[in-house]
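Chemist: no FASTA, just this:
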Ligand SMILES: Nc1ncnc2c1ncn2[C@@H]1O[C@H](COP(=O)(O)OP(=O)(O)OP(=O)(O)O)[C@@H](O)[C@H]1O
Ligand SMILES: [Mg+2]
């Protein structure tokens, strides 16, 4: 009852405030603020309601408050249906070009666990002297804040649970709405300049997704399950005392979709991608600085880890080089040394993955890709570091069906059966299959494209058979040569024995 009464009083006040805003341009802010203060005191005297304000800027450096932004997002998502006065803004990095949020001095209600709360968007002028009644855009000294009002009997629910809920949901919506970014590391020579940072980014607009990713359906589902489990695993990781991170090793021949898979994972998880080019990192210290800047909810990628650095045998190789090298001009040698591969070491990388990085917040994914998994040091890819090893293999029938849907928009065709059988006998990468499926002119219909693929697969099969025959012939020749050489050795041995017998004159 009281709540209703106060709600009514609230709406009366809102009307007063509304009228007040109409005339606000004709009142100097000094008088306006004083009036507001008196009104506030009066209401506080009788008011059983609590108010919490969330200013737009906070701290000494007046940084935009994360809480304010999260509330704004939460209220935008919940209020644009109900608020009567909305403002439209172009928000940087958002997927939607225009974001609607409640306008200044507007109020909406929200409900949480059956408790009603009131949110209002407010602004005050912090520098009344600079008030300009004729300015259409208002003063640049205006301070904005959100005000949350609720009955004092619900203090605990609101301060402990509701505000947490609003902030978490606001951040979640922000994450979903924002554009993904692809970061690449800058060479350290540019780290210290004005406005230079360790990472530069572009908007990540890779068209790939798990729907368009061509691979065995069961394995795809298995990866998706693994990602979902990881995303929801905050409590689980905390319970088992493990850092909330997951490592994936993607390996397989070129063109089998390793980079495409990274894009699909980024999109599915809604994480930014930090593409770490190890050859541009000078030493372990730089590596540490770079990795420490990657935030949670991000994917750190090291592509072609086997080529990025000779992580397994850098020292050995250097030693061999020194032994075989001819003496060089010292100046030239110095130049070469500095431009040569970096001094990032396997232990530096592992220490970081296992150590400091695990301690700085959760929800991180690290992905290594390689064409030659057998070249990698087992320490780098052991389970626990690279938790899941995913083989990206040559195109199978399931993968072909996805590509046919992507490129030709067909889900079944008479020629599919033949293609399926040919794929079993060949080793063609999805990239090559896709290339053959792509129409090269407007005259090429589905059938022509599928036949083009069949021809390419048959050629591939023939080549494979020819190579196999050549290899077998080579093997046979080698075996024959080996046999002959063993025979010759036996004959020579026999001859040598005979000679010894002759020379010694006894048998
Ligand atoms: N599994 C796949 N699903 C969908 N498209 C694929 C797949 N594999 C390859 N492609 C197509 O082939 C192109 C090359 O694939 P991608 O770059 O992902 O291969 P990769 O395995 O990373 O190769 P590399 O080892 O050379 O880096 C992609 O742009 C994509 O169009
Ligand atoms: Mg790749």
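Modeler: On my side now, so go ahead. Remember, it's a predicted structure, so these values are computed and weren't measured experimentally. Numbering: from 1, shown residues only. Ligands and ions are numbered 1, 2, ... in the order given.
Chemist: Report the rounded mean pLDDT for stretch 144-163.
Modeler: The average pLDDT within stretch 144-163 is 93.
Chemist: how long is it end to end?
Modeler: Start to finish, the residues bounding stretch 144-163 are 19 Å apart (C-alpha to C-alpha, to the nearest Å).
Chemist: Up against ligand 2, what does the stretch 201-350 of the chain have?
Modeler: Within reach of ligand 2 by C-beta under 5 Å from the ion, the stretch 201-350 of the chain has these residues: 258, 259. (C-beta placed from N, C-alpha, C; glycine too.)
Chemist: mind redoing it with 6 Å?
Modeler: 258, 259, 303 (C-beta under 6 Å from the ion).
Chemist: Can you add neighbour count, pLDDT and secondary structure and give those residues back as JSON lines?
Modeler: Shown next, in JSON lines, are these (neighbours: other C-beta atoms under 10 Å; pLDDT from 0 to 100; DSSP: H, G, I helix; E, B strand; the rest coil):
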{"residue": "258", "neighbour count": "24", "pLDDT": "97", "secondary structure": "helix"}
{"residue": "259", "neighbour count": "19", "pLDDT": "96", "secondary structure": "helix"}
{"residue": "303", "neighbour count": "18", "pLDDT": "94", "secondary structure": "coil"}
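Chemist: Would you mark the buried spots in stretch 176-190?
Modeler: Residues 177, 178, 180, 181, 182, 183, 185, 186, 188 are the ones in stretch 176-190 that count as buried (16 or more other C-beta atoms under 10 Å).
Chemist: Kindly apply the preceding question to stretch 203-213 instead.
Modeler: Within stretch 203-213, the residues that qualify as buried are 204, 208, 210, 213, counting by 16+ other C-beta under 10 Å.
Chemist: Columns pLDDT and distance to residue 292 on top of those residues, output as JSON lines?
Modeler: Shown next, in JSON lines, are those (pLDDT from 0 to 100; distance: C-beta to C-beta, whole Å):
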{"residue": "204", "pLDDT": "90", "distance to residue 292": "22"}
{"residue": "208", "pLDDT": "93", "distance to residue 292": "29"}
{"residue": "210", "pLDDT": "96", "distance to residue 292": "30"}
{"residue": "213", "pLDDT": "96", "distance to residue 292": "31"}
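Chemist: ok, how many other residues are close to the closest residue to ligand 1 within the stretch 251-400 of the chain?
Modeler: Nearest to ligand 1, among the residues of the stretch 251-400 of the chain, is residue 257, at 2.6 Å (C-beta to the nearest ligand atom). Residues lying near residue 257 (other C-beta atoms under 10 Å) number 23.
Chemist: How about residue 345, nearest residue that isn't a chain neighbour?
Modeler: Nearest non-adjacent residue to residue 345, counting by C-beta to C-beta, 6 or more residues apart in numbering: residue 284, 6.2 Å away.
Chemist: let me fix that: residue 429
Modeler: Nearest residue to residue 429, sequence neighbours excluded (C-beta to C-beta, 6+ apart): residue 255, at 3.7 Å.
Chemist: Can you classify the one you found by secondary structure?
Modeler: Put simply, residue 255 is coil when judged by DSSP: H, G, I helix; E, B strand; the rest coil.
Chemist: residue contacts, it?
Modeler: If a contact means C-beta atoms under 8 Å, 6 or more residues apart in numbering, then residue 255 has 429, 430, 431, 432 as its contacts.
Chemist: Look up how far residue 404 lies from the second one.
Modeler: It refers to residue 430. According to C-beta to C-beta, to the nearest Å, residue 430 stands 11 Å off from residue 404.
Chemist: same question, residue 376
Modeler: Distance, residue 376 to residue 404, using C-beta to C-beta: 34 Å.
Chemist: out of those two, which sits in the busier spot?
Modeler: Taking other C-beta under 10 Å, residue 376 and residue 404 do not tie; residue 404 has more neighbours (25 against 19).
Chemist: pLDDT wise, what is that one at?
Modeler: At residue 404, pLDDT is 96.
Chemist: Give me the distance between it and residue 446.
Modeler: Between residue 404 and residue 446 the computed distance is 8 Å (C-beta to C-beta).
Chemist: how about the closest residue to ligand 2 within the stretch 51-200 of the chain, what does it touch?
Modeler: In the stretch 51-200 of the chain, the residue that lies nearest ligand 2 is residue 182 (13.7 Å; C-beta to the ion). Residue 182 is in contact with 201, 202, 203, 204, 272, 273, 275, counting by C-beta under 8 Å, 6+ apart.
Chemist: Show the model's pLDDT score for it.
Modeler: Per-residue confidence (pLDDT) for residue 182: 95.
Chemist: Next, it: secondary structure please.
Modeler: Classification of residue 182 by three-state DSSP places it in strand.
Chemist: Would you mind listing what in the stretch 401-507 of the chain touches ligand 1?
Modeler: For the stretch 401-507 of the chain, the residues in contact with ligand 1 (C-beta under 6 Å from any ligand atom) are 430, 431, 434.
Chemist: Most neighbours out of those, which is it?
Modeler: So for those (other C-beta under 10 Å), the most neighbours sit at residue 430, 24 neighbours.
Chemist: From residue 438, how far off is that residue?
Modeler: The gap separating residue 430 from residue 438 is 12 Å, by C-beta to C-beta.
Chemist: where along the stretch 151-300 of the chain do the strands fall?
Modeler: Counting by DSSP state E, counting those that start in this stretch, the stretch 151-300 of the chain has strands at residues 181-185, 199-203, 245-251, 272-275, 298-302.
Chemist: quick one, longest helix in the protein?
Modeler: Ranked by residue count, the top helix of the chain under DSSP state H comes out as helix 446-504.
Chemist: Show me what that one is packed against.
Modeler: helix 397-408, helix 416-425, helix 430-437 (3 or more C-beta pairs under 8 Å, 6 or more residues apart in numbering; DSSP states H and E).
Chemist: So what's the residue count around residue 415?
Modeler: Around residue 415 there are 17 other residues, counting by other C-beta under 10 Å.
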